[in-house]
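Undergrad: I'll drop the sequence and a predicted model, then ask my questions.
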Amino acid sequence: MKPEYPRSLAANPPGGGPNTNLLSFANSGGLLGKGVCRWHSRFTRNALYLAFFLPSQPRPALPEARRIIRLMMNARRVVPIPGYENLREFSLDHEKLIRNTLESRQIREGVLQFARINGLWGSSAVPASKLKNLMDRIHGQVSSKGIAYVKFQTPGLDAHALLVTEAGPLPGGGYRISCLDSNLPLESVTVYRIGDRWLNTASGSRGVPYLQRSGELSRIRRVTEMFVKAETRAQADGRRRRF
């Protein structure tokens, strides 16, 4: 799958209104009420790459909806979603199930597996040369591989997560950064310029982005490539895959 396709799904609709390819709800809840931004962002990226909607089929009962959500969170296969046109529709009906999955994954990974400690690592302001290196790495991944997951380290002990969907070079250096922020309903834009020591997001956060979960993106890309090859073989044989 070319990076442009999931990027196009993440982009704001030309005519305005909600993006139907995104979750219908923002980041909230979680441990101590501090949200589940990391897992909300990962679920969103997984769905942009792996969700396969079958609106003409019957909608799933609750046990099947729960299974679909679990498969989407695990991101190890393309996930058919019957009865719905898009992720927004599906998440409007199953917000509670999705939230429960995000929060349980937060507990399992963030507490039992100490991912929260990793999530709090890093400085919220760095030398300009270091931020340039970080931004160049993010640009490299976004331009060649697809949507990048970054941990956005803010002042103090808190950290946030962003999905960088595009990093367009600016004249004279720097990047125009498009990102999905789980605290906002649509894609937003921030600007990095040479000499900056931190970034400011559209939601009002200040901090430094650290590229993470690159291996997860590589696995997602392999899954989509295998799916496309299998579909191509099936069409060549004159048959359709059954889900």
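TA: Everything's here; your move.

Undergrad: CA atoms for contacts and neighbours, from now on please.
TA: Fine.

Undergrad: What are the boundaries of the helices in the chain?
TA: Along the chain, counting by DSSP state H, helices occupy 4-10, 37-50, 62-74, 87-93, 95-107, 115-119, 128-144, 214-236.

Undergrad: The residue nearest to Asn200 when sequence neighbours are not counted: neighbour count?
TA: Closest residue to Asn200 in three dimensions, ignoring its sequence neighbours and counting by CA to CA, 6 or more residues apart in numbering: Arg206, at 4.5 Å. The local packing of Arg206 (other CA atoms under 10 Å) involves 17 other residues.

Undergrad: hang on, the earlier thing: quick one: closest of the helices of the chain to Asp196.
TA: Checking the helices of the chain against Asp196 by CA to CA gives helix 128-144 as the closest, at 5.5 Å.

Undergrad: which secondary structure elements does that closest one contact?
TA: Helices and strands touching helix 128-144, by 3 or more CA pairs under 8 Å, 6 or more residues apart in numbering; DSSP states H and E, are strand 148-153, strand 159-169, strand 206-212.

Undergrad: in its sheet, what does the first one sit against?
TA: Right, strand 148-153. strand 159-169 (antiparallel), strand 206-212 (antiparallel) (DSSP bridges).

Undergrad: Next, the angle from the last one to helix 128-144.
TA: This means strand 206-212. Angle between the axes of strand 206-212 and helix 128-144 is 50 degrees (criterion: axes from the mean of the first three to the mean of the last three CA atoms, to 10 degrees).

Undergrad: May I see the buried residues of strand 206-212?
TA: For strand 206-212, the buried set under the neighbour-count rule, 16 or more other CA atoms under 10 Å, comprises 206-211.

Undergrad: and if you look at the first one?
TA: For strand 159-169, the buried set under the neighbour-count rule, 16+ other CA under 10 Å, comprises 159-167, 169.

Undergrad: go on, stretch 51-69?
TA: Neighbour-count burial for stretch 51-69 [16+ other CA under 10 Å]: 51-54, 60, 65-66, 68-69.

Undergrad: okay, who's weakest in the residues you listed by pLDDT?
TA: Least confident of these in the model: Phe52, at 93.

Undergrad: Give me the number of neighbouring residues for the residue lying closest to Arg213 once chain neighbours are set aside.
TA: Computed as CA to CA, 6+ apart, the closest residue to Arg213 that is not its neighbour in sequence is Tyr149, at 6.3 Å. Other residues lying near Tyr149 total 28 when counted by other CA under 10 Å.

Undergrad: Provide a list of residues in contact with Tyr149.
TA: 41-42, 161-164, 211-214 (CA atoms under 8 Å, 6 or more residues apart in numbering).

Undergrad: Would you reformat the buried residues of strand 159-169 as JSON lines and include distance to Ala230?
TA: Converted to JSON lines, the buried residues of strand 159-169 look like this (distance: CA to CA, whole Å):
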{"residue": "Ala159", "distance to Ala230": "40"}
{"residue": "His160", "distance to Ala230": "37"}
{"residue": "Ala161", "distance to Ala230": "33"}
{"residue": "Leu162", "distance to Ala230": "32"}
{"residue": "Leu163", "distance to Ala230": "29"}
{"residue": "Val164", "distance to Ala230": "29"}
{"residue": "Thr165", "distance to Ala230": "27"}
{"residue": "Glu166", "distance to Ala230": "29"}
{"residue": "Ala167", "distance to Ala230": "32"}
{"residue": "Pro169", "distance to Ala230": "36"}
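
Undergrad: For stretch 20-36, output the C-alpha coordinates as PDB.
TA: Provided in PDB are the C-alpha atoms of stretch 20-36 (Å, rounded to 0.1, in the frame of the first residue of the first chain):
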ATOM      1  CA  THR A  20     -15.900   9.500   8.600                       C
ATOM      2  CA  ASN A  21     -12.600   7.500   8.500                       C
ATOM      3  CA  LEU A  22     -11.800   8.400  12.100                       C
ATOM      4  CA  LEU A  23     -13.300   7.400  15.500                       C
ATOM      5  CA  SER A  24     -16.400   9.300  16.500                       C
ATOM      6  CA  PHE A  25     -15.100  10.200  19.900                       C
ATOM      7  CA  ALA A  26     -12.100  12.000  21.400                       C
ATOM      8  CA  ASN A  27      -9.500  10.900  23.900                       C
ATOM      9  CA  SER A  28     -10.800  10.700  27.500                       C
ATOM     10  CA  GLY A  29     -11.100   8.300  30.400                       C
ATOM     11  CA  GLY A  30      -8.200   6.100  31.200                       C
ATOM     12  CA  LEU A  31      -6.100   5.800  34.400                       C
ATOM     13  CA  LEU A  32      -6.700   8.700  36.800                       C
ATOM     14  CA  GLY A  33      -8.800  10.300  34.100                       C
ATOM     15  CA  LYS A  34      -5.700  11.300  32.000                       C
ATOM     16  CA  GLY A  35      -6.900   9.700  28.800                       C
ATOM     17  CA  VAL A  36      -5.900   6.800  26.500                       C
END
